[in-house]
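[1] Pasted the sequence and its predicted model underneath.
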Amino acid sequence: MHILQNLGKPELATAARVCRAWTDVALGMLWEELESVHPIMALLEPIKRIENGWTWENGFPSGNWTRFTSYAKRVRSLSYCASIESGDNRFSDRMCSQVPAKWLCYVASHHGRYLLPEIRRIDWNCCEDDQLEMIIPFISPKINDVRIRALWDVSPRAMDGLLRALRILLPSGVRVFHFISHETEPEEGTSDIIKSLIERLDQLHELRLPSQRVAPFMFKSNNLRVLEAKCNFESEHLRILFRKGSSITFSIIRPLIRCSKLRTLDIEYSKTFDLDATEIREMGGAWRELEALHVASRRTSNASGDPSFGMPLSSLVAFADSFSPKLRKLGLYIDTQDIPAPPDPPISFPHLEIICVGTSELSNDKAFAFLSAVLPAGVGVTTSDHWTWDSNWSVFDPASRGWGGESWNILTRMLAQGESADILAELDQIVDPWDVATGFVEWPGAVEWVGEPVGDGGSGWGATGWNAWGSVEQGGWGATEQDPAWQNCMYLVKPDFKQFVNVDCLERSRG
């Protein structure tokens, strides 16, 4: 029936009368999208317009129920606009205030549950309290697209009341939700009502709440693609969590450029989100007060070795050159496969205290010369392994930090002590603690299983030449009683070293 797809409403109505084969298809197309409630009202009996809107001529619907349901079940989309006509100052589509209640009574009296049982999309525009509330009879469990505009004289009380009702009525599978109001500032308590509603809608692709301030609950859906909300351009601290399944580019965060007073921006995202030099310069020029910046440093493993997975080392030069000297903390996912020459003339971060590289891998020893040239002496290098990767914690929170391998720890020593041959020589001795534990790698004095639990802090395995529950100076496998955070982890340290050299958390074996 492709021939019917290009027909207008009058032609479809005519086609429905041609033959039985065309009737069902033509009626489905004719009633699929309604731009007014009038056709549905007229199914029950003739309608008329009085002073305050449209109603039935006899005051109460009394038409044939079978006929009504045969048409109403075809409706997939409904638009309602109670706007003022320019010519005669009357409402074009407005229903009288008693119509919805009479409609619901009619449906209930014929053992129906929903006025439009198959509706998927509703676009509701109104300017008075009673008109806003009239949307309720048209909601059904199959609706997935709700767009509401409450303008002019709609009161905060009416908006709050509708939001509470929608929290109960809307199915969790709604994909598009708009609530656009004339209010420039939400009433006290409105944000909590909206929060409880949006948290139920876990399939949202598009969310528009222009009168509400950006808040974490708006990012709950993993499928979110479009968000419109008010950003407080006076904000000093912002943390944004983009859930898995999102597709993020610089254009998504570009509106934040206007937040000139930002001091902290923490963007958490587990997939690829990298910035080029132009974008870095734009950010650095706008945020002159910024002290801490994190851009998606904790990501899933780059198992394929994709060189585009992560910001190139050269991007550190752009950050150092473009951002204010006030920058003290920086978090990035760095790709260390392509090593540039150290910058000439030299450039560095004058006051950088911490750089968090998240789950980045430092797999190329040629990167040491570049990093030691760009990063200031004494800067702390932190990483996140699978034990400390919890997006509920900021990478700048001490509870989220971990140790991701000996290479990064050697870099920390270089920045603290200066480059030396003995430090670089340790690169040739990097081993995986699991290989040591299982005997795949021999490390003198480190591996000889005794096969019995040791220590008072819990079960574990002892190793000759190690103190399983001892001090860092002595080294050992296991957890310390003094540090509960390590009670479920193992760590490995060389007996003659004063700080962690190679720490990877492993699940502790039980005796």
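    Ah, there it is.

[2] Regarding the residue lying closest to residue 69 once chain neighbours are set aside, what is its secondary structure?
    The spatial neighbour of residue 69 that comes closest, neighbours along the chain excluded (C-beta to C-beta, 6 or more residues apart in numbering), is residue 112 at 7.0 Å. All C-beta spots, glycine's among them, are computed from the backbone N, C-alpha and C. With DSSP: H, G, I helix; E, B strand; the rest coil as the basis, residue 112 sits in coil.

[3] Likewise for the one 4 residues further on?
    Reducing the assignment at residue 116 to three states with three-state DSSP gives coil.

[4] check contacts around the closest residue to it other than its chain neighbours.
    Residue nearest to residue 116 in three dimensions, not counting chain neighbours: residue 75, with 4.9 Å by C-beta to C-beta, 6+ apart. Counting by C-beta atoms under 8 Å, 6 or more residues apart in numbering, residue 75 touches 31, 32, 34, 40, 116, 118, 119.

[5] Redo those residues as CSV? Include neighbour count.
    Shown next, in CSV, are the contacts of residue 75 (neighbours: other C-beta atoms under 10 Å):
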residue, neighbour count
31, 22
32, 14
34, 19
40, 20
116, 22
118, 14
119, 23
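
[6] if you look at those, which of them are in strands?
    Among the contacts of residue 75, the ones falling in strands (DSSP state E) are residue 34.

[7] Could you dump the contacts of residue 75 into JSON lines with distance to residue 202 and pLDDT added?
    Below are these laid out as JSON lines (distance: C-beta to C-beta, whole Å; pLDDT from 0 to 100):
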{"residue": "31", "distance to residue 202": "31", "pLDDT": "87"}
{"residue": "32", "distance to residue 202": "28", "pLDDT": "90"}
{"residue": "34", "distance to residue 202": "29", "pLDDT": "93"}
{"residue": "40", "distance to residue 202": "31", "pLDDT": "92"}
{"residue": "116", "distance to residue 202": "24", "pLDDT": "94"}
{"residue": "118", "distance to residue 202": "23", "pLDDT": "96"}
{"residue": "119", "distance to residue 202": "21", "pLDDT": "97"}
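
[8] quick one: the helices in the stretch 151-300 of the chain?
    Counting by DSSP state H, counting those that start in this stretch, the stretch 151-300 of the chain has helices at residues 156-169, 190-198, 250-253, 277-286.

[9] Not counting its own residues, what contacts the second one?
    Outside helix 190-198, the residues that touch it by C-beta under 8 Å, 6+ apart are 156, 159-160, 163-164, 166-167, 170, 177, 179, 186, 204, 207, 209, 212-213, 215, 217-218, 220.

[10] hmm, 10 Å instead?
    Here helix 190-198 makes contact (C-beta atoms under 10 Å, 6 or more residues apart in numbering) with 156, 159-168, 170, 174, 177, 179, 181, 183, 186-187, 204, 207, 209, 211-213, 215-221.

[11] Which among the residues you listed count as buried?
    Among the contacts of helix 190-198, those buried by neighbour count (16 or more other C-beta atoms under 10 Å) are 156, 159-160, 162-163, 166-167, 170, 174, 177, 179, 181, 183, 186, 204, 207, 209, 211-212, 218-221.

[12] Name the residue most distant from the centre of this protein?
    Of all residues in the chain, residue 58 has its C-alpha farthest from the mean position, at 52.3 Å, by C-alpha atoms, centre = their mean.

[13] Could you find the closest non-adjacent residue to it?
    Closest to residue 58 by C-beta to C-beta, 6+ apart is residue 45, at 6.0 Å.

[14] right, and that neighbour touches residue 102 too?
    No - Residue 45 lies out of contact with residue 102 (C-beta atoms under 10 Å); the separation is 11.3 Å.

[15] residues bridging contact with these two, i.e. touching both?
    Contacts common to residue 45 and residue 102, judged by C-beta under 10 Å, 6+ apart, are 56, 59, 60, 61.

[16] Name the SS class of the last one, please.
    Going by three-state DSSP, the secondary structure assigned to residue 61 is coil.
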